[in-house]
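Asker: coords please:
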Amino acid sequence: MRVPPTPPRLDEFWKDTGLLVKLMAHPTSHLVNGKYLHWDKVRYHQPPGDLTHEEWWCAIKFRRTVQYKTIPLKSKAGTLFQYLLADPIPEMLHKIDLGAGGHIGMADQITNPETRDQYYVSSLMDEAITSSQLEGATTTRPIAKEMIRTGRPPRDRSERMILNNFLAMKRIHQLRDKPLSKDLVLEIHRIVTDNALDDPTAAGRFRRADEEVRVEGSYGEVYHEPPHASELDLRIDDMCEFANGESPAGFLYPVLRSIMLHFWLSYDHPFKDGNGRTARALFYWSMLKHGYWLCEFISISQIIRKAPVKYGRAFLYTETDENDLTYFLLYHLEVILRAIQELHDYITRKTNQLKNIEAELRGIVVLNHRQRALISHALRHPNARYTIESHRTSHNVVYETARTDLLDLRDRGLLTGLKVGNTWYFMPVPGVDEKLSNLSIPS
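Answerer: I've put the predicted structure just below:
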């Protein structure tokens, strides 16, 4: 990823009164063909009328400057970050409100307490896996899910990163009603980096002055140098005040606050490692705190991972254009909307699968919903094996409930059981579909 060019300095333009009068009279918008573009893109578009590219950029920036709002985040130079509620931000916020918050219409699989836990656990695993993969984890999705479901210990750093992220996402669910504090930020970082750093002492603490941290590209190009470590205590205090709604004065849309929180921690880069994972975790905390409950079921990292360059470029556009957060807001809003749409598409697919499952298990009322889900999976995966721990994790139930479910299925002849050491393994019996038809069905 290349570093985008810094936009032209406008100092000389502001001094030329005649030019300013000309530009102010020109019908220029803060958008270019309906889009909020950085100089990196504007320079390839044809300027209107007789304007040069630099003059056009000056006119665009003037239209933006008079509409900017600021937040308390300061750059290393001491200037405030700013943003503009440019189109289509209001429309995107409205769509997120409809799709992720309040009493929205959602498939019964998520709103029904009997089945929502399956979707909840699955979404946590997806976010944990892809967030870790963004930071270099190489474990495949099936292996990672097997590790989490069975409860086996991680075998390498990649698996440890994924398990840590999974535990952090579960912890965030518990912390969503707590105000953000320095201790809470450190706790989240400690969870995501536990036993996954070259320097184990760096988990759960801010970087020290002697620990140089920079964001670099594959060829050594420097994308970002964060503020000095000596500033971190005060900066994180300011961040927590912002996250808790204590600043700035006036109303700030909760979704925008959550995205800005993500950017804030990433900009300050307070840790030696694990900043990206912690920043994304804080975004989820903020969204849940503000009532966007569906965010527990979406994975923004899955969307980011499909085009990681866009993620990095959104940060760079903001930093190179006078701390203009609008670029990052637009990018992140699009990520959220795509994640919500993917969830709805996933629910549609699962709904169709469930219809088939219901047909396969129609009339088998002697099985509960967890047992029916396991057997429907076994019908499609005859070589699968299940443990009490994997069943417990998949359905978010206590150990005894999971054990009772599996032993009952064994006793009914649908599963075979084999104990190895202290662990029971259960496998579908051959011809499990035929066994289903032999189950007693009350009249």
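
Asker: Let me know the secondary structure of Ala249.
Answerer: Following DSSP: H, G, I helix; E, B strand; the rest coil, the label given to Ala249 is coil.

Asker: did I read that right, Ala137 in a helix?
Answerer: No. According to three-state DSSP, Ala137 belongs to no helix; its state is coil.

Asker: So it is in contact with Asn164, correct?
Answerer: No. Applying Cβ atoms under 8 Å as the test, Ala137 and Asn164 come out as separate, 10.1 Å apart. Glycine gets a C-beta too; all of them are placed from N, C-alpha and C.

Asker: Spit out the residues that contact the two alike.
Answerer: Residues touching both Ala137 and Asn164 (Cβ atoms under 8 Å, 6 or more residues apart in numbering): none.

Asker: Test my guess that Val32 contacts Trp39.
Answerer: No. In terms of Cβ under 8 Å, Val32 does not count as a neighbour of Trp39; the distance is 10.5 Å.

Asker: any idea where the strands of this protein begin and end?
Answerer: With strands called from DSSP state E, the chain shows them at 69-74, 80-83, 215-216, 222-224, 386-387, 415-420, 423-428.

Asker: Pipe those into JSON lines and attach distance to Val309 per row.
Answerer: Output for the strands of the chain, formatted as JSON lines (distance: least, Cβ to Cβ, whole Å):
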{"stretch": "strand 69-74", "distance to Val309": "24"}
{"stretch": "strand 80-83", "distance to Val309": "22"}
{"stretch": "strand 215-216", "distance to Val309": "14"}
{"stretch": "strand 222-224", "distance to Val309": "11"}
{"stretch": "strand 386-387", "distance to Val309": "40"}
{"stretch": "strand 415-420", "distance to Val309": "46"}
{"stretch": "strand 423-428", "distance to Val309": "44"}
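
Asker: looking at the ones you listed, which has the lowest confidence?
Answerer: Between those, the one with the least mean pLDDT is strand 215-216; it has a mean of 88.

Asker: which secondary structure elements does that one contact?
Answerer: Helices and strands touching strand 215-216, as assessed by 3 or more Cβ pairs under 8 Å, 6 or more residues apart in numbering; DSSP states H and E, comprise strand 222-224.

Asker: Now the strand it packs on: buried residues?
Answerer: By neighbour count on 16 or more other Cβ atoms under 10 Å, the buried set for strand 222-224 is Tyr223, His224.

Asker: ok, that strand: who's next to it in the sheet?
Answerer: For strand 222-224, the paired strands and their directions (DSSP bridges) are strand 215-216 (antiparallel).

Asker: contact partners of the strand it pairs with?
Answerer: Under the contact criterion Cβ under 8 Å, 6+ apart, strand 215-216 has outside partners Val222, Tyr223, His224, Glu225, Pro226, His269.

Asker: my read: the third one touches Val213, true?
Answerer: No. With contact defined as Cβ under 8 Å, His224 does not count as touching Val213 (9.4 Å).

Asker: Overlap in contacts, the two.
Answerer: Overlap between the contact sets of His224 and Val213, as judged by Cβ under 8 Å, 6+ apart, is given by His269.

Asker: Now do the domain split for this structure, please.
Answerer: By the record's domain assignment, the chain is partitioned as 11-67, 71-345, 363-437 (automatic domain parsing).

Asker: Report the distance from the last one to the chain centre.
Answerer: With Cα atoms, centre = their mean, to the nearest Å as the basis, the distance from the averaged C-alpha position of domain 363-437 to the chain average is 32 Å.

Asker: what's the span of it from first residue to last?
Answerer: Domain 363-437 has its terminal residues 9 Å apart, counting by Cα to Cα, to the nearest Å.

Asker: same question, the second one
Answerer: By Cα to Cα, the extent of domain 71-345 from end to end equals 36 Å.

Asker: Also stretch 28-39?
Answerer: The first and final residues of stretch 28-39 sit 15 Å from each other (Cα to Cα).

Asker: gap between the nearest residue to Ile375 once chain neighbours are set aside and Ser437?
Answerer: Beyond its immediate neighbours in the sequence, the residue positioned closest to Ile375 (Cβ to Cβ, 6 or more residues apart in numbering) is Leu414, lying 6.1 Å away. Using Cβ to Cβ, to the nearest Å, Leu414 is found at 11 Å from Ser437.

Asker: Ok, Tyr36 next?
Answerer: 61 Å.
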